[in-house]
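[1] next one to model:
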Amino acid sequence: MLRTAVQVVGLLVLLAILAGVLLVLFAVASLVSVPGQVSGGLSGVSSQASRAVSSAQQVVQNVTDPNHPPVGLTYDNEFSTLQVLRVGESLPGGSQYVLTLQAIRRREPAETPDTAQFAVVHAELRQPRETRVLGQLIRSDPDGHDYVVYKGEDFRIGRSVYRVNWISQEETAIGAGVLRHPDAVTSALKFEYE
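    Numbering: from 1, shown residues only. Okay, the predicted model is just below:
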């Protein structure tokens, strides 16, 4: 009983704070937009009031319903799946080459946060090329290559085109999304393996 009373009082306090904030917002909005309201008539005032009331309703719903869905999120519908790959793990696919996430590194100074961290992907043949003379192994070549991949870059392995969604040095991992429509990709691919 006491817990319910405390929750009701807490809700009333939050609503009072919300009402005070809305009152201040209305006052500031009316001072800032007086010239526009004079030329626009009452329609500008009524649209601002309706937006404020709907946002207040959303805030009240968010406060009172802890299970409400998140609002204001935009979902990326380009990906069919998002895979988390850790350092040392192999990327899926690739018939002749094995591609492994070798390292996550930081670049200083970086122009943007997206270029501050990068991933190093190592590719090498599943079966190294061997040079033999009279049955004796002379040379073995794994045909190793290292690629530097930044957030937002695309690469193809087999039929799938991946886009690096995030890179985390703290988690030593990357998130790579499989693009839903790989044939519609117009950007240059960082690397490509069958």
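
[2] can we go C-alpha only for contacts and neighbour counts from here?
    Will do.

[3] so Ala27, which of the three states?
    helix (DSSP: H, G, I helix; E, B strand; the rest coil).

[4] in terms of pLDDT, where does it sit?
    For Ala27, the pLDDT comes out at 78.

[5] please apply the same query to Gly20.
    Taking Gly20 on its own, its pLDDT is 88.

[6] in this structure, where is pLDDT below threshold?
    Across the chain, residues meeting the criterion (pLDDT under 70) sit at 31-46, 49, 53, 58-77.

[7] any idea which residue of it is furthest from its center?
    Leu134 (55.4 Å; CA atoms, centre = their mean).

[8] just give me the neighbour total for the residue nearest to His181 when sequence neighbours are not counted.
    What sits nearest to His181 in space, not counting adjacent residues and going by CA to CA, 6 or more residues apart in numbering, is Glu78, at 7.4 Å. Residue neighbour count, defined by other CA atoms under 10 Å, stands at 13 for Glu78.

[9] which residues touch Glu78?
    Leu179, Arg180, His181 (CA atoms under 8 Å, 6 or more residues apart in numbering).

[10] could you check how far it is from Glu192?
    19 Å (CA to CA, to the nearest Å).

[11] got a list of what Leu99 touches?
    Ser90, Leu91, Pro92, Val121, His122, Ala123, Glu124.
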